[in-house]
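[1] show me how the following folds:
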Amino acid sequence: MSVIADFTGKSARENVQSAILKARESEDFNAILSYSEERALERADKVDNGEITGRLAGIPFIAKDNFLTLGAPTTASSNFLKDFQAPLQATAIEKLEAEGAICIAKANLDAFAHGGSTENSAYGPTKNAFDKERVAGGSSGGSAVAVALGIVPFALGTDTGGSIRQPASFNNVVGIKPTYGTVSRYGVVAMASSTDTIGVLSSSIEDAETVMDILSGKDSKDMTTLPDFFAPQTLDGPKKIGVIKEFMDDGVDPEVKAATERYVEALKQKGHVVEEVSLSLVKYALAIYYIVVPAEISSNLGRYDGIRYGNRAEASSLSEVYGLSRDHGFMPENKRRIMIGSYVLSSGFFDAYYLQAQKARTLLINEFNTLFETYDALIGPVAPTPAFKLGENTSDPVKMYLADIMTVPASLAGLPAISVPAGKSNAGLPIGVQLIGARKSDSLLMAIAKDVE
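    As a prediction, the model looks like this:
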């Protein structure tokens, strides 16, 4: 059921004021970093006057704070970009505004989107919408919580290795990671250029379809974008779906496994054929990811030097400006990934690590493609556990990385994947399941999910 539709019976100004008020009443969750209230109200008045029209006219939304926007700072939750005012807007923001949507605020994230809990933010962690002692997930934790709390019907996020799907699962909302290249990345702070995707967190599949239909398409400013192929669809009959055996092993929380099995039964009741399949190379996915992605991160973050833009440290020499600016501007997780990436790209280690990881990545992609010759979609949990407690994994980076073990395979292969609510644990914590499809099967995945929703 569309939540966007609930906003259409009110004036745009009323929608914006109500959303901002609700956000401010929920500030103890630390989901919002800044507001673009003045600009939002100006646009709302233009909608009410008929100057701005479109499919989302007067609908408020929130953008993760790594999207360049006007009217509010773009910090990427880092000290480096504290108070940075963007000179332009991301293509995704421009497309939504062209349809009348109104960005009211910027959401918290792990600094530069490096993390899986939103605990790596320079402005403090976002708290889970269902339990303030637990993480929101990451890195799009602020966006997920804003939707879960009912502040806005949808929010924008980025997904490099699970950063939309995992927080969606932890907060009982829908999370869409489209096929790589579906949505322009222009104007979004880069993390890892070969896996970064722009997606949506929403309260329903129908709303996600509407927003994705607007966002998708070719952009001359981003050469990785694909010609527009996305179109909402309905199912033309039962589909064949594979349950990934490796995602249902003994390392998965029993309640997560049980929720996934219940969702599988719901698919069967709708007439779909569901069988167990093996994705044998998935056990190497995390190792591949944490070689390839840090390598790209180390390159992308090279532009932050305290000279061109961002905060500059007081220093007596050029080398000190570089060193101190980067020391003060980056969070520990940023530094860790830069160091890993620099190491695997260095002379003597490039062939042993980075090149081997890319070869293994190709093998994983081929294995996915083979499965999609027989199956329309694959299914499994989003994460091995429900949301963990704040501080539980911060002292052990490897344990934190393991939370991504089920989301990174689709990212490495550039495949569409969506997280949909599948119930709650005995403690009342949300659990999501993940549907993965072949490239450009985004609308089919949503149709399958909507069939069960």
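[2] could you measure from the residue nearest the centre of the chain over to Ala19?
    Compute the mean C-alpha point of the chain, and by CA atoms, centre = their mean the closest residue is Ile164, 2.5 Å away. According to CB to CB, to the nearest Å, Ile164 stands 21 Å off from Ala19. Bear in mind the C-beta positions are built from the backbone N, C-alpha and C, glycine included.
[3] related to what we said a few turns ago, can you give me the pLDDT of the residue nearest to the centre of the chain?
    On the pLDDT scale, Ile164 is placed at 98.
[4] before we move on, what about Gly271?
    Note on Gly271: pLDDT of 97.
[5] which ones are touching the residue nearest to the centre of the chain?
    Ser140, Ser143, Ala144, Gly157, Thr158, Gly175, Ile176, Lys177, Gly199, Val200, Leu201, Ser419 (CB atoms under 8 Å, 6 or more residues apart in numbering).
[6] which of these sits closest to Lys268?
    Ser419 (20.4 Å; CB to CB).
[7] A strand includes the closest one, no?
    Yes. Assessed with DSSP: H, G, I helix; E, B strand; the rest coil, Ser419 lies in a strand.
[8] that one touches Ala168, doesn't it?
    Yes. Counting by CB atoms under 8 Å, Ala168 is a contact partner of Ser419 at 4.2 Å.
[9] excluding sequence neighbours, find me the nearest residue to Ala266.
    With CB to CB, 6 or more residues apart in numbering as the measure, Val452 is the residue that lies nearest to Ala266, at 4.9 Å, once sequence neighbours are left out.
[10] and Arg312, by the same measure?
    Gly306 (4.2 Å).
[11] let me know the secondary structure of the one you found.
    Assigned by three-state DSSP, the conformation of Gly306 is coil.
[12] make 39 the first number, not 1, from now on.
    Happy to do that; since the first residue is 39 now, the last one works out to Gly344.
[13] ok, it - contacts?
    Arg350, Ala351, Val359, Tyr360, Leu362, Ser363, Arg364, Gly367.
[14] list phi and psi for the last one.
    What that stands for is Gly367. Dihedral angles of Gly367 (phi, psi; degrees, to the nearest 10) stand at phi -80, psi -30.
[15] skipping its backbone neighbours, what lies nearest it in space?
    Phe118 (3.1 Å).
[16] confirm the one you found sits in a helix?
    No. Applying three-state DSSP, one finds Phe118 to be coil, outside a helix.
[17] and it, what's its pLDDT?
    96.
[18] which positions in the helix or strand where Leu305 lies come out as buried?
    Element membership for Leu305 (DSSP states H and E) is helix 292-307. In terms of neighbour count (16 or more other CB atoms under 10 Å), helix 292-307 has its buried residues at Glu293, Val294, Lys295, Ala297, Thr298, Tyr301, Val302, Ala304, Leu305.
[19] and it, what does it pack against?
    If you count contacts as 3 or more CB pairs under 8 Å, 6 or more residues apart in numbering; DSSP states H and E, helix 292-307 packs onto strand 278-282, strand 311-315, strand 415-419, strand 455-462, strand 468-475, helix 480-490.
[20] still on that earlier bit, just the buried residues of helix 292-307 now: which is nearest Ala114?
    Val294 (30.7 Å).
[21] I'd like to know how far Ala128 sits from Ala421.
    Ala128 is 28 Å from Ala421, where distance means CB to CB.
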